[in-house]
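S.K.: fold the stuff below for me.
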Amino acid sequence: MGTKTQLLGLLPLLLLLLPPPLRNYLWTDQAAGGRVGHGRLQVYHPIILFPGISCPNLEARLTDAYVPSLPRCGALKGEGWFPLWNNTQDLVDHDYVPCLLEQMSLVYDPVLNDFHNQAGVETRVPNFGSSDGFTAKDDVGRDVFCLLKLRQELEALGYRDRETLFGAPYDIRHTPPSPGQPSQVYSDYFARVKDLVQHASQKNGNKPAILIGHSFGARAALDFVNSTPLPWRKIFIKHMFLISATPITGLVQVVTNLASGPTVIVVPTVKPLDLRPMWRTFASSLTSFPSPMVFGYEPLVVTKHRNYSAYDYMDLLAALGFSTDIGKRVLPTKLKVDAPMVPTTYFCGAGIQTPNQVIYWESNFDAVPEYVYGDGDSVVNLVSVLAFVKEISRQQRQSNTPFKFVKIANASHSGIVSEESSLRRVMTEILEANC
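M.R.: Reported below is the predicted structural model:
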């Protein structure tokens with residue numbers, strides 16, 4: 001008992017050895033009885049948040065060129081911008097789900113090798129630049145998901161929207177393109193993010209920015225940084241945090257979402273199978289296929305008539321009804337992982353059942369499948385994370401650029417930024433990077 005008392009007495013002295021932002025955070029936590037985040041930073045680096053794929057909102061405007069399949073879907077034609085992907089319960093209450101499926105669907109142009117909206121449908125991502133510009137799409141998730149807890153912690157420390165805290169929401173239907181492939185939407189998005197980073201820096205005494213991405217947002221943040229010249233990164237990026245990233249090395253859930261319908265976007269009372277036709281038009285549905293370099297020849301999809309490994313995507317996509325042109329665009333080529341060459345911390349959860357294999361016993365992709373599970377964060381397979389991190393770490397080490405990998409036991413894909421124990425670990429690293 002005496003030894004424990006002596007150690008507790010030394011705690012304030014040990015805290016004094018920490019960098020000021022981290023010391024203030026932990027010291028105030030101790031006084032607050034262990035609650036997360038009640039300190040205040042005196043010096044900020046601006047922070048830009050990149051949310052997960054279900055979080056950004058989307059607005060639409062219908063022009064005369066739009067020909068609705070149902071009369072009610074054209075009711076807002078000529079009425080200006082309206083929320084299309086914002087509140088899923090409203091979609092159900094107003095019987096607008098069939099219109100959503102039509103108006104959010106993309107069209108692939110094989111000549112341009114790019115995706116665009118349906119004729120007569122214009123879209124935009126509202127509130128770009130605001131950390132409040134993205135939300136969960138139902139009342140249940142609004143108090144938990146889409147980096148809300150993280151934002152609250154940062155605001156408790158004194159961060160303020162559009163002053164020191166910013167957001168970079170994106171069009172969830174599109175994806176950062178592979179090298180040599182076009183994406184007009186992402187070319188425009190990356191240009192806006194670059195302007196936002198520079199604006200945030202200039203607004204805060206030319207301090208470089210901290211980028212924080214979660215899930216698909218981490219992929220967007222990483223690809224953005226890799227699209228910029230290295231000298232620019234050295235000036236404007238202080239640190240990057242990749243949290244539960246969807247890595248280029250892939251995840252099995254990408255395959256299951258294509259086959260059985262998405263679990264990453266949810267509409268009340270609507271089955272994933274009913275969302276599947278819309279989801280399959282998204283460029284984002286066709287990215288992060290499990291890499292053959294990581295998953296090898298192990299069957300990812302098992303059916304009555306044949307199995308499909310990471311080497312069999314062209315055959316699998318054909319079985320799912322995709323065109324050859326689409327298959328060629330998304331077919332994984334030689335795995336190329338590019339490290340950001342800025343100080344980076346990578347967080348992942350582990351110890352949670354995560355699909356490793358999906359089984360359709362009767363070869364019917366409309367039937368509810370069975371799953372074989374492995375390790376991961378419930379969404380991203382740990383084997384993929386470890387392969388990705390190994391290569392990132394190697395490149396960062398060769399360039400003498402700091403890289404830290406933090407694996408948190410029993411942290412789920414979304415819980416890592418919402419549950420107190422893992423959120424505290426994330427916040428501690430963020431505050432350390434503020435030094």
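
S.K.: tell me the average confidence for the helix or strand that contains Asp195?
M.R.: Asp195 belongs to helix 184-203 when assigned by DSSP states H and E. Across helix 184-203, pLDDT averages out at 98.

S.K.: and the angle for the following helix or strand past that helix with helix 184-203?
M.R.: Per DSSP H and E, helix 184-203 leads on to strand 209-214 as the next helix or strand towards the C-terminus. Orientation of strand 209-214 against helix 184-203 (axes from the mean of the first three to the mean of the last three Cα atoms, to 10 degrees) gives an angle of 140 degrees.

S.K.: quick one: low-confidence ranges for the stretch 251-400 of the chain?
M.R.: Scanning the stretch 251-400 of the chain with the threshold set as pLDDT under 70 gives 330-335.

S.K.: the stretch 101-250 of the chain too?
M.R.: Looking at the stretch 101-250 of the chain by pLDDT under 70, you get 141-142.

S.K.: and the biggest strand by length in the chain, what does it pack against?
M.R.: Longest strand in the chain, counting residues (DSSP state E): strand 352-360. For strand 352-360, the helices and strands in contact under the criterion 3 or more Cβ pairs under 8 Å, 6 or more residues apart in numbering; DSSP states H and E are helix 253-260, strand 301-303, strand 370-376. All C-beta atoms are positioned from the backbone trio N, CA, C, and that covers glycine.

S.K.: 6 Å instead, please
M.R.: Under the contact definition 3 or more Cβ pairs under 6 Å, 6 or more residues apart in numbering; DSSP states H and E, strand 352-360 sits against strand 301-303, strand 370-376.

S.K.: what comes up buried for that strand?
M.R.: Of all the residues in strand 352-360, those buried under the rule 16 or more other Cβ atoms under 10 Å are 352, 354-358, 360.

S.K.: what sits closest to Val342 if chain neighbours are left out?
M.R.: Ile237 (4.4 Å; Cβ to Cβ, 6 or more residues apart in numbering).

S.K.: what's the distance between that neighbour and Ala136?
M.R.: Going from Ile237 to Ala136 by Cβ to Cβ, to the nearest Å gives 28 Å.

S.K.: try Ser105
M.R.: Ser105 is 23 Å from Ala136, by Cβ to Cβ.

S.K.: now do Gly213
M.R.: For Gly213 relative to Ala136 (Cβ to Cβ), the value is 17 Å.

S.K.: those two: who's more crowded?
M.R.: A side-by-side neighbour count of Gly213 and Ala136, using other Cβ atoms under 10 Å, places Gly213 first with 28 against 20.

S.K.: list the residues that contact the residue nearest to the spatial centre of the chain.
M.R.: Among the residues of the chain, Phe216 comes closest to the average C-alpha position under Cα atoms, centre = their mean, at 2.1 Å. Phe216 is in contact with 52-53, 246, counting by Cβ atoms under 6 Å, 6 or more residues apart in numbering.

S.K.: make it 10 Å
M.R.: For Phe216, the contact set (Cβ atoms under 10 Å, 6 or more residues apart in numbering) comprises 50-56, 170, 172, 175-176, 244-246, 264, 284, 287-288.

S.K.: Leu112: how many residues sit nearby?
M.R.: Other residues close to Leu112 by other Cβ under 10 Å number 10.

S.K.: now swap in Arg394 and tell me
M.R.: 12.

S.K.: quick one: what helix or strand has it in it?
M.R.: Secondary structure (DSSP H and E) places Arg394 in helix 382-398.

S.K.: buried ones in that helix?
M.R.: 382-389, 391-393, 396.

S.K.: contact partners for the residue nearest to Val342?
M.R.: Going by Cβ under 10 Å, 6+ apart, the list of residues near Ile237 reads 48, 197, 201, 208-211, 221, 224-225, 228, 340-344.

S.K.: next: Phe50.
M.R.: Contacts of Phe50 by Cβ under 10 Å, 6+ apart are 56, 134, 147, 167-170, 193, 211-222, 224, 240-243.

S.K.: list the beta-bridge partners for it.
M.R.: Gly213 (DSSP bridges).

S.K.: ok, it to Leu320 distance?
M.R.: Look at Phe50 and Leu320: by Cβ to Cβ, they are 29 Å apart.

S.K.: partners of the next helix or strand after the helix holding Arg394, with directions?
M.R.: Downstream of helix 382-398, the next assigned helix or strand under DSSP H and E is strand 403-409. The partner list of strand 403-409 in its sheet, established with DSSP bridges, is strand 344-350 (parallel).

S.K.: returning to what we had before: closest to Gly376 out of the buried residues of strand 352-360?
M.R.: Nearest to Gly376 among the buried residues of strand 352-360: Thr354, at 2.9 Å, using Cβ to Cβ.

S.K.: for the closest one, what are its contacts?
M.R.: So Thr354 contacts 251-253, 371, 373-384, 412-413 (Cβ under 10 Å, 6+ apart).

S.K.: break down the stretch 201-350 of the chain into its helices, ranges please.
M.R.: 216-226, 230-236, 253-260, 272-279, 292-295, 313-320, 324-330 (DSSP state H, counting those that start in this stretch).

S.K.: in TSV, list these along with distance to Thr123.
M.R.: Output for those, formatted as TSV (distance: least, Cβ to Cβ, whole Å):
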stretch	distance to Thr123
helix 216-226	17
helix 230-236	29
helix 253-260	21
helix 272-279	13
helix 292-295	34
helix 313-320	26
helix 324-330	21
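
S.K.: which of those helices sits most buried?
M.R.: helix 216-226 (a mean of 25; mean count of other Cβ atoms under 10 Å).
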